[in-house]
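**Student:** Give me a model of this one.
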Amino acid sequence: MVEPDSCCRCPGPRVQVKDTRKTDRMIKHTLRAGRRAVSAGLRCFSETSGGGVTEDGLERTGSPRLTKQASLYVHWPYCLRRCSYCNFNKYIARENNDPVMTECLQRETETLLQLSQVSCITSVFFGGGTPSLAHPSTIAAVLQTVSRRAYLSDEAEITLEVNPTPVGKSKLEDFCRAGVNRFSIGVQSLQDEDLKSLGRDHSSHQALQTVEEARRLCPGRVSVDVMFGRPRQSVASWEKELSELLRVCDDHVSLYQLTLERGTQLFKQVLGGGVTMPDEDVTAEMYRCARRTLHQRGLLQYEVSNFARHAVSHHNTSYWKGRQYIGVGPGAHGRFVPLGEGGVLREARTQTLDPDAWIREVQQRGHGTRRRIQLSHLELLEEVLVMGMRMTDGINHKHWEMFSPQLGLREVFGTSSDVQELLQSGHLILDDRGLRCSWDGLVLLDSILPALLVELERQISQRLQSDHHDGQTKSQTSSPR
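**Tutor:** Modelled structure (predicted):
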């Protein structure tokens, strides 16, 4: 799984958002692309000036409507092996340390829930790494900790990522007993040769068996991850593979495009000429083919990378709607207001990457938070925009107003000539429903976002300048002569 490519020719999804670390990487990469287009003058002013609009926006992010709830992401960092394309925060366990990991995950969960002061956890996602390597008792223990500190509905979505090996399949029923009610199966491919070259430790037959068992246990609540743009892959083979997969699982499908990451085995193989990747036109057609096939089979696209027949991923949706989320475990990321220590601003938080170091920090001080950054009003709105535009429904006016009460969508984007070009081309829609991409525009999202980010920053900066000028005028007129 890889971060998004902000190239304007991007053919489709570059990341499947489930993991909080992937969410962060996607946001940062896209924001960098947008900010490069902003004038130095605006950047300088917006980073050095204060003003009423900033304070008002931040007060709203600390309002009960946005801070009472959060989703929870729990990271299990261990894998049996490293896939050839993967550069994420994962480790090969040297010994069985399930007991200490369980204890530390519980303790950090308790600490961060207390710090955030949320009264309700809306969903829980166990990701990794390979969380299906964890003992089911670990999952149960974390969920029990959550229930002691906050309200966790019996109907709340509790998802576990599963590696579709015989071992993973054999533990599914125990995971359900522990509280899991949704599975995300890392199928990736139904071509055994591709699975082997990618370093996966399962076969296509084992993947299909795991999906069938998961659907038996959680009917209607099973998602499969599938990768396109693989070495030697063609559009025809991809279409056939996708059709075969849909015969077994048609609940929820998450697509993502394989891209090269420096430092991985696959990157070295391609660099050395031993492996060839499909060119951009081919991967673009693969994405279009997948959208058509899934739509014809009754799976509606609700986000760039995600398609569902009935039940969307509530956990992922909380990211895309800019809601609070708490990240627990080595390398996890979070976004919440630390009300428990008197905080009023939403923070971007990152936990220590290395599991051994993280364990020591949790044992010493209750959590392994390595970095915390307060988000300005502009940074918060940028995240709301980047994530919200990934959804086919986009961002409605009421939702935007929660984060930007003084500047609505029409005020921000309605007068820009660049945005007007996107509207006239039919790639972007701004109407009574809100702001969203069209069916064709969603494919071009990475080239649309920079223009929107530039306009957002321009409008915020102009508002700051106006407030700054008004404040100076008021001060001059009220001072004694």
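**Student:** Which stretches in the stretch 351-481 of the chain count as helices?
**Tutor:** 355-365, 377-388, 397-403, 409-413, 417-425, 439-442, 445-478 (DSSP state H, counting those that start in this stretch).
**Student:** Also the stretch 101-250 of the chain?
**Tutor:** Counting by DSSP H, counting those that start in this stretch, the helices of the stretch 101-250 of the chain are 136-149, 166-170, 172-178, 192-197, 204-217, 235-246.
**Student:** Columns mean pLDDT, distance to Ser305 and mean neighbour count on top of those helices, output as CSV?
**Tutor:** Every C-beta, even on glycine, is put in place using the N, C-alpha and C of the backbone. Below are the helices of the stretch 101-250 of the chain laid out as CSV (pLDDT from 0 to 100; distance: least, Cβ to Cβ, whole Å; neighbours: other Cβ atoms under 10 Å):
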stretch, mean pLDDT, distance to Ser305, mean neighbour count
helix 136-149, 98, 25, 19
helix 166-170, 92, 23, 18
helix 172-178, 98, 24, 18
helix 192-197, 76, 19, 16
helix 204-217, 94, 19, 20
helix 235-246, 92, 14, 17
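**Student:** Most tightly packed of the helices of the stretch 351-481 of the chain?
**Tutor:** When the helices of the stretch 351-481 of the chain are scored by mean count of other Cβ atoms under 10 Å, the highest mean neighbour count falls to helix 377-388 (a mean of 23).
**Student:** other SSEs contacting it?
**Tutor:** For helix 377-388, the packing partners by 3 or more Cβ pairs under 8 Å, 6 or more residues apart in numbering; DSSP states H and E come out as helix 20-35, helix 52-61, helix 314-320, strand 395-396, helix 397-403, helix 445-478.
**Student:** Quick one: mean pLDDT for that helix?
**Tutor:** The pLDDT scores in helix 377-388 average 97.
**Student:** again, but for stretch 119-132
**Tutor:** Here the average pLDDT along stretch 119-132 is 94.
**Student:** Can you give me the buried ones in that stretch?
**Tutor:** Neighbour-count burial for stretch 119-132 flags Ile121, Thr122, Ser123, Val124, Phe125, Phe126, Gly127, Gly128, Gly129, Thr130, Pro131, Ser132 (criterion: 16 or more other Cβ atoms under 10 Å).
**Student:** next one: stretch 295-302
**Tutor:** So for stretch 295-302, counting by 16+ other Cβ under 10 Å, buried means Leu299, Gln301, Tyr302.
**Student:** Would you enumerate the residues in contact with the closest residue to Cys104 other than its chain neighbours?
**Tutor:** Excluding the flanking residues, the one nearest Cys104 by Cβ to Cβ, 6 or more residues apart in numbering is Val362, at 4.2 Å. Contacts for Val362 (Cβ atoms under 8 Å, 6 or more residues apart in numbering) come out as Cys104, Arg107, Glu108, Thr111, Gly368.
**Student:** So, low pLDDT: which residues of this structure?
**Tutor:** Counting by pLDDT under 70, the ranges of the chain that qualify are 1-63, 81-95, 198-199, 260-276, 466-481.
**Student:** can you rerun that using 50?
**Tutor:** Across the chain, the ranges flagged by pLDDT under 50 are 1-18, 33-60, 84-85, 89, 480-481.
**Student:** returning to what we had before: keep only those of the contacts of Val362 that are in strands.
**Tutor:** Within these, no residue falls in strands by DSSP state E.
**Student:** Which single one of these is nearest to Gly394?
**Tutor:** Within the contacts of Val362, the smallest distance to Gly394 is 34.7 Å, found for Glu108 (Cβ to Cβ).
**Student:** List the buried residues in stretch 98-107.
**Tutor:** Result for stretch 98-107 [16+ other Cβ under 10 Å]: buried residues Asp98, Met101, Thr102, Glu103, Cys104, Leu105, Gln106, Arg107.
**Student:** related to what we said a few turns ago, so can I have JSON lines of the helices of the stretch 101-250 of the chain showing distance to Val312?
**Tutor:** JSON lines is the format used below for these (distance: least, Cβ to Cβ, whole Å):
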{"stretch": "helix 136-149", "distance to Val312": "22"}
{"stretch": "helix 166-170", "distance to Val312": "24"}
{"stretch": "helix 172-178", "distance to Val312": "21"}
{"stretch": "helix 192-197", "distance to Val312": "28"}
{"stretch": "helix 204-217", "distance to Val312": "17"}
{"stretch": "helix 235-246", "distance to Val312": "17"}
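**Student:** Include distance to Val412 when you put the buried residues of stretch 119-132 into a markdown table, please.
**Tutor:** Shown next, in a markdown table, are the buried residues of stretch 119-132 (distance: Cβ to Cβ, whole Å):
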| residue | distance to Val412 |
| --- | --- |
| Ile121 | 32 |
| Thr122 | 28 |
| Ser123 | 30 |
| Val124 | 34 |
| Phe125 | 31 |
| Phe126 | 37 |
| Gly127 | 33 |
| Gly128 | 38 |
| Gly129 | 39 |
| Thr130 | 42 |
| Pro131 | 39 |
| Ser132 | 43 |
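**Student:** which one of the residues you listed sits closest to Val384?
**Tutor:** So of the buried residues of stretch 119-132, ranked by how close each gets to Val384 (Cβ to Cβ), first place is Thr122, at 17.5 Å.
**Student:** For Thr165, see how far away the closest one is.
**Tutor:** Taking Cβ to Cβ, to the nearest Å as the measure, Thr122 falls 30 Å from Thr165.
**Student:** could you redo the helices of the stretch 351-481 of the chain as a markdown table and give each row distance to Ala214?
**Tutor:** Listed next are the helices of the stretch 351-481 of the chain as a markdown table, based on distance: least, Cβ to Cβ, whole Å:
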| stretch | distance to Ala214 |
| --- | --- |
| helix 355-365 | 27 |
| helix 377-388 | 28 |
| helix 397-403 | 33 |
| helix 409-413 | 40 |
| helix 417-425 | 41 |
| helix 439-442 | 29 |
| helix 445-478 | 30 |
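**Student:** Show me the one of the ones you listed that comes nearest Gly343.
**Tutor:** Minimum separation from Gly343 across the helices of the stretch 351-481 of the chain (Cβ to Cβ) falls at helix 377-388, 14.0 Å.
**Student:** wait, what's in contact with Met227?
**Tutor:** With Cβ under 8 Å, 6+ apart, Met227 has these contacts: Gln188, Ser189, Leu198, Leu255, Tyr256, Gln257, Leu258.
**Student:** ugh, typo on my part, it should be Val282
**Tutor:** Val282 touches Gly229, Ser234, Val235, counting by Cβ under 8 Å, 6+ apart.
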